[in-house]
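Peer 1: After the sequence you'll find the predicted model.
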Amino acid sequence: MDTCPDLKETLKSILTEYAKYKISYGEVETETVFDDSTGHYELFHVGWIGHKRIHGCLVHADILGDKIWIQHDGTTPGIAIELVEAGVPRDRIVLAFHHPDARKLTDFAVA
């Protein structure tokens, strides 16, 4: 019996929690972008700090097959740790922002 939580719902829940945190300066919104049909999930900052435009990806993750591929992670301690704490096995999480040769040095899936 597979006791792994639903990957989509778990990932969306974690990103939704991050979206609740507001930057304490400037006029910057945090947005989630969820596309269940293609398996793409993102967390963005959008707005202004003074005269500087802010538009950047904080987290980008994809669900490919039965794994979560973390393409970019600008959070601390990292969504991979939060996914593990939520019950997602390490062998179902790929740290795609690491070169494939370096992934084998982690405790997470290689591919």
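Peer 2: Perfect, thanks for sending it.

Peer 1: where do the strands sit along the chain?
Peer 2: 27-35, 40-49, 52-64, 67-73, 93-94 (DSSP state E).

Peer 1: Can you add distance to residue 15, mean pLDDT and mean neighbour count and give those back as JSON lines?
Peer 2: The C-beta positions use only the backbone N, C-alpha and C, and glycine is treated the same way. Formatted as JSON lines, the strands of the chain follow (distance: least, Cβ to Cβ, whole Å; pLDDT from 0 to 100; neighbours: other Cβ atoms under 10 Å):
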{"stretch": "strand 27-35", "distance to residue 15": "5", "mean pLDDT": "96", "mean neighbour count": "13"}
{"stretch": "strand 40-49", "distance to residue 15": "5", "mean pLDDT": "96", "mean neighbour count": "17"}
{"stretch": "strand 52-64", "distance to residue 15": "6", "mean pLDDT": "97", "mean neighbour count": "15"}
{"stretch": "strand 67-73", "distance to residue 15": "11", "mean pLDDT": "98", "mean neighbour count": "20"}
{"stretch": "strand 93-94", "distance to residue 15": "14", "mean pLDDT": "98", "mean neighbour count": "23"}
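
Peer 1: closest to residue 106 out of those?
Peer 2: Ranking the strands of the chain by their distance to residue 106 (criterion: Cβ to Cβ) puts strand 93-94 first, at 9.4 Å.

Peer 1: re earlier: of all the strands of the chain, which one comes closest to residue 101?
Peer 2: Between residue 101 and the strands of the chain, the shortest separation by Cβ to Cβ is 13.6 Å, and it involves strand 93-94.

Peer 1: just checking, what packs against the closest one?
Peer 2: Identification of packing neighbours for strand 93-94 by 3 or more Cβ pairs under 8 Å, 6 or more residues apart in numbering; DSSP states H and E yields strand 67-73, helix 79-85.

Peer 1: In TSV, list those along with distance to residue 97.
Peer 2: Compiled in TSV, those are given as follows (distance: least, Cβ to Cβ, whole Å):
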stretch	distance to residue 97
strand 67-73	6
helix 79-85	10
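
Peer 1: Which of those sits closest to residue 10?
Peer 2: Proximity to residue 10 (Cβ to Cβ) singles out helix 79-85 among the helices and strands packed on strand 93-94, at 6.5 Å.
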